[in-house]
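Novice: sequence unavailable; structure follows:
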């Protein structure tokens, strides 16, 4: 008698894309990944950090599929290194910059009086030398003529969510974060909003990386940029670009 028929080969599920995303995208990108998974796809693996840290990971050869930066310069850096698939960089989201304070603090702040409002307190910011939220914040404070007065009181954080955490814990009296970060935390409230013209526009570009190996990377990128995808981020306070 002939040999037994071989059992059908089990096909491995396609590898889920690894997405490197700015720290401010945590809730919204997780919601987008969940929506994508509900369509029958492997749920994307998400890694959040400061855009500066993520760009350095890409430059060091991180095996990631997509990169979402919180500013254009760090995406420019990755693109100059030849690490982006041509034609896949796209404008994605916009945001606003706000001053937050613990919810227990009832006072709003006129930005021009920020130094006086701080007193001996601390102002939490993402690192203004490298992290997008901190760079936007420093530019705004300089434009408003406040930087020299508040700089000695700044607590530098590794990313915008770390700055938010300082305010949540009461370790800083105020913090400079994105509007979407303020909306994500029940422990803080917006004390003031920075004028849109006090800093460069807050833009989040998205691109597929040349290191990408996931067959789902391009379809997920297209989903994020679709009307359905962008509507998810709009619910969290981002503005579509």
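Specialist: Ah, there it is. None of the values given here were measured: they were computed from a predicted structure. Residues are numbered from 1 along each chain as shown.

Novice: next, the buried residues of stretch 68-82.
Specialist: 68, 69, 70, 71, 72, 74, 75, 77, 78, 79 (16 or more other CB atoms under 10 Å). No exception for glycine: its C-beta is placed from N, CA and C like everyone else's.

Novice: which one of those residues is nearest residue 192?
Specialist: Minimum separation from residue 192 among those (CB to CB) is found for residue 70, which lies at 20.6 Å.

Novice: SS state for that closest one?
Specialist: coil (DSSP: H, G, I helix; E, B strand; the rest coil).

Novice: isn't it up against residue 29?
Specialist: No. Using CB atoms under 8 Å, residue 70 is not in contact with residue 29; the gap is 11.9 Å.

Novice: show me what contacts the residue positioned nearest the centre of the chain?
Specialist: Centroid check for the chain by CA atoms, centre = their mean gives residue 22 as the closest residue, at 2.8 Å. Applying CB atoms under 8 Å, 6 or more residues apart in numbering to residue 22 gives the contacts 48, 49, 50, 51, 54, 68, 69, 70, 132, 160, 204.

Novice: can you tell me the SS state at residue 207?
Specialist: strand.

Novice: can you show me the strands along this protein?
Specialist: 18-22, 45-49, 66-68, 90-94, 97-102, 123-126, 154-157, 174-178, 188-193, 203-208, 239-240 (DSSP state E).

Novice: and the last one, what does it pack onto?
Specialist: Applying 3 or more CB pairs under 8 Å, 6 or more residues apart in numbering; DSSP states H and E, we find strand 239-240 packed against strand 90-94, helix 227-235.

Novice: deepest of these, which one?
Specialist: Mean neighbours per residue, mean count of other CB atoms under 10 Å, is largest over the helices and strands packed on strand 239-240 for strand 90-94, with a mean of 18.

Novice: can you name the residues in contact with that one?
Specialist: 68, 201-207, 224-225, 230, 233, 238-241.

Novice: chain center to stretch 125-136: distance?
Specialist: Computed by CA atoms, centre = their mean, to the nearest Å, the chain-centroid distance of stretch 125-136 equals 12 Å.

Novice: which parts of that stretch are buried?
Specialist: If you call a residue buried by 16+ other CB under 10 Å, then stretch 125-136 has these buried ones: 125, 126, 127, 128, 130, 131, 132, 133, 134, 135, 136.

Novice: possible to save the residues you listed as CSV with distance to residue 167 and pLDDT?
Specialist: Output for the buried residues of stretch 125-136, formatted as CSV (distance: CB to CB, whole Å; pLDDT from 0 to 100):
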residue, distance to residue 167, pLDDT
125, 10, 98
126, 12, 98
127, 16, 98
128, 16, 98
130, 20, 97
131, 16, 98
132, 18, 98
133, 13, 98
134, 14, 98
135, 19, 98
136, 17, 98
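
Novice: CSV for the strands of the chain, including distance to residue 116?
Specialist: Putting these into CSV (distance: least, CB to CB, whole Å) gives the following:
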stretch, distance to residue 116
strand 18-22, 32
strand 45-49, 34
strand 66-68, 38
strand 90-94, 31
strand 97-102, 14
strand 123-126, 13
strand 154-157, 16
strand 174-178, 12
strand 188-193, 13
strand 203-208, 33
strand 239-240, 32
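
Novice: find the nearest non-adjacent residue to residue 50, please.
Specialist: residue 159 (3.9 Å; CB to CB, 6 or more residues apart in numbering).

Novice: and the one you found, how many neighbours does it have?
Specialist: 25 (other CB atoms under 10 Å).

Novice: closest one to residue 194 among the helices and strands packed on strand 239-240?
Specialist: Of all the helices and strands packed on strand 239-240, strand 90-94 comes closest under CB to CB, at 13.9 Å.
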